[in-house]
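Chemist: Make a model of this:
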Amino acid sequence: MSSLVQYTVESSVARLTLDSPHNRNALSSTLVEQLHQGLARATAEPGVRVVVLGHTGGTFCAGADLSEVAGRDPGDIAVDRAREMTTLLRAILESPLPVIGAVDGHVRAGGLGLVGACDLVVAGPQSSFALTEARIGVAPSIISLTLLPKMSPRAAGRYFVTGERFGAAEAAAIGLITMAADDVDAAVAGLTAEIAKGSPQGLATSKALTTAAILRGFDEHAEALTQQSARLFVSAEAHEGMLAFLQKRPPNWMK
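Modeler: As a prediction, the model looks like this:
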């Protein structure tokens, strides 16, 4: 199995680096599995107090890996992908270690779900964010579990439906990220140094206070959103939207 997530530890910091630039760090089954493994490894690592989730290349994460649909029943793949995503987001939230997202690139679709799941996020000047699902006939169903608790209601009402791109400063203003920074590495180093002063028990319990309500939302809504996501994915509108996207033409509802 190729390594799509690099794992390193330095002092109290474990780094998980998405390293699949050929497909813009898309959330393939392999990448998702390796992210799970990395989180578990960091939790078990003596002395680690914080995880930094970063990326190689100009894209933090482009969302689902649609190439894995080929040769499989689209209904099955839709449900599988939705459940994989829910499980991954929950793993980040449930981790006793604070997770910092270090972003300086494009973030699309499911990538925003990862951003929403992180406890803190620093984004640099090369960052851009967009929720373009509605443009291809689907919706940010699963990732709404982490985005709606973080984004302001007005911002969610705008960006969920417009699909507009916005940068790090706007992302910070609407609550999607913690801060915009010219130097992501320096800002992350400052945060990790402060977190490292906490005890394992203190950090885990303090984090749990901030994620408890989000996790309750998972229990209440995840299965319904999984089914919603699958229904949308196999619909005629979604088929047209994805085909139009691949063919670089307007979908039929724009004619």
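
Chemist: Helices of the stretch 151-255 of the chain, residue ranges please.
Modeler: 153-162, 168-173, 184-195, 200-233, 236-247 (DSSP state H, counting those that start in this stretch).

Chemist: Give the buried residues for the shortest one.
Modeler: Neighbour counts using 16 or more other CB atoms under 10 Å place A168, E170, A171, A172 of helix 168-173 among the buried residues. All C-beta spots, glycine's among them, are computed from the backbone N, C-alpha and C.

Chemist: quick one: the second one from R158, how far?
Modeler: With the distance defined as CB to CB, to the nearest Å, E170 ends up 10 Å from R158.

Chemist: Now A117. Nearest residue, chain neighbours left out?
Modeler: Leaving aside its sequence neighbours, A117 sits nearest to I92 (CB to CB, 6 or more residues apart in numbering; 4.0 Å).

Chemist: just the CA coordinates of whatever helix or strand the one you found lives in, formatted as CSV?
Modeler: Here I92, judged by DSSP states H and E, is contained in helix 74-94. The C-alpha coordinates for helix 74-94 follow below in CSV (Å, rounded to 0.1, in the frame of the first residue of the first chain):
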residue,chain,number,x,y,z
PRO,A,74,-23.1,4.1,-7.6
GLY,A,75,-25.6,3.5,-4.8
ASP,A,76,-23.2,1.3,-2.9
ILE,A,77,-20.3,3.7,-3.4
ALA,A,78,-22.4,6.6,-2.3
VAL,A,79,-23.4,5.0,1.0
ASP,A,80,-19.8,3.7,1.6
ARG,A,81,-18.3,7.1,1.0
ALA,A,82,-20.7,8.9,3.2
ARG,A,83,-20.1,6.4,6.1
GLU,A,84,-16.4,6.6,5.6
MET,A,85,-16.5,10.4,5.8
THR,A,86,-18.7,10.4,8.9
THR,A,87,-16.4,7.9,10.7
LEU,A,88,-13.3,10.0,9.8
LEU,A,89,-14.8,13.3,11.0
ARG,A,90,-15.9,11.6,14.2
ALA,A,91,-12.4,10.2,14.8
ILE,A,92,-10.9,13.6,14.6
LEU,A,93,-13.5,15.0,17.0
GLU,A,94,-13.2,12.1,19.4
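
Chemist: Is it correct that T30 is in contact with L4?
Modeler: Yes: counting by CB atoms under 8 Å, T30 does reach L4; the two are 5.7 Å apart.

Chemist: Those two: which is more packed in?
Modeler: Shown here are T30 and L4; by other CB atoms under 10 Å, L4 has more neighbours (21 against 16).

Chemist: Could you give the backbone dihedrals for that one?
Modeler: phi -100, psi -10 (degrees, to the nearest 10).

Chemist: again, but for V99
Modeler: According to degrees, to the nearest 10, V99 has phi -120, psi 120.

Chemist: what pLDDT does the nearest residue to Q228 once chain neighbours are set aside get?
Modeler: Once flanking residues are discounted, Q228 sits nearest to S141: 4.9 Å by CB to CB, 6+ apart. Listed pLDDT for S141 reads 95.
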